[in-house]
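*Asks:* Just the structure for this:
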Amino acid sequence: MPDFDRRRRKVCSFCLDHVEYIDYKEVTRLRRYLSDRGKILPRRMTGTCARHQRALTVALKRARHIALLPFAAELR
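*Replies:* Below is the predicted model of the structure:
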């Protein structure tokens, strides 16, 4: 009988691509790690490792600061 409670472990996409530096100018890549409200998604949802999550957070904050990414979701 298969065990349905066990989920596959998410793998860090930055580790798979051998990324050394997460560039804040890669907006299309960074946007995947933001929620629809503009919040940074946690590791348990994205599957990034701790080292890359820290670098990702810095890159997202830099991109927000120079207005490449929004701080919050657009109002409707």
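
*Asks:* can we go C-alpha only for contacts and neighbour counts from here?
*Replies:* Noted.

*Asks:* Name the residue closest to the centre of the chain, please.
*Replies:* Among the residues of the chain, the one closest to the centroid is residue 33, at 2.8 Å (C-alpha atoms, centre = their mean).

*Asks:* which other residues reach stretch 52-64?
*Replies:* Here stretch 52-64 makes contact (C-alpha atoms under 8 Å, 6 or more residues apart in numbering) with 14, 21-25, 27, 30, 40, 43, 69-71.

*Asks:* Run a quick neighbour tally on residue 69.
*Replies:* 21 (other C-alpha atoms under 10 Å).

*Asks:* Number of residues surrounding residue 39?
*Replies:* 14.

*Asks:* likewise residue 55?
*Replies:* For residue 55, the neighbour count with other C-alpha under 10 Å is 15.

*Asks:* and residue 46, how many residues sit next to it?
*Replies:* 17.

*Asks:* picking up where we left off before, check the gap between the residue nearest to the centre of the chain and residue 6 for me.
*Replies:* Here the criterion is C-alpha to C-alpha, to the nearest Å. By it, residue 33 lies 24 Å from residue 6.

*Asks:* of the contacts of stretch 52-64, buried ones?
*Replies:* Neighbour counting with 16 or more other C-alpha atoms under 10 Å marks 14, 22, 23, 24, 30, 40, 43, 69, 70 as buried within the contacts of stretch 52-64.

*Asks:* Is the closest residue to the last one other than its chain neighbours in a helix, a strand, or coil?
*Replies:* If the residues on either side of it in the chain are set aside, residue 70 comes closest to residue 64, at 5.8 Å by C-alpha to C-alpha, 6 or more residues apart in numbering. Under DSSP: H, G, I helix; E, B strand; the rest coil, residue 64 falls in the helix class.
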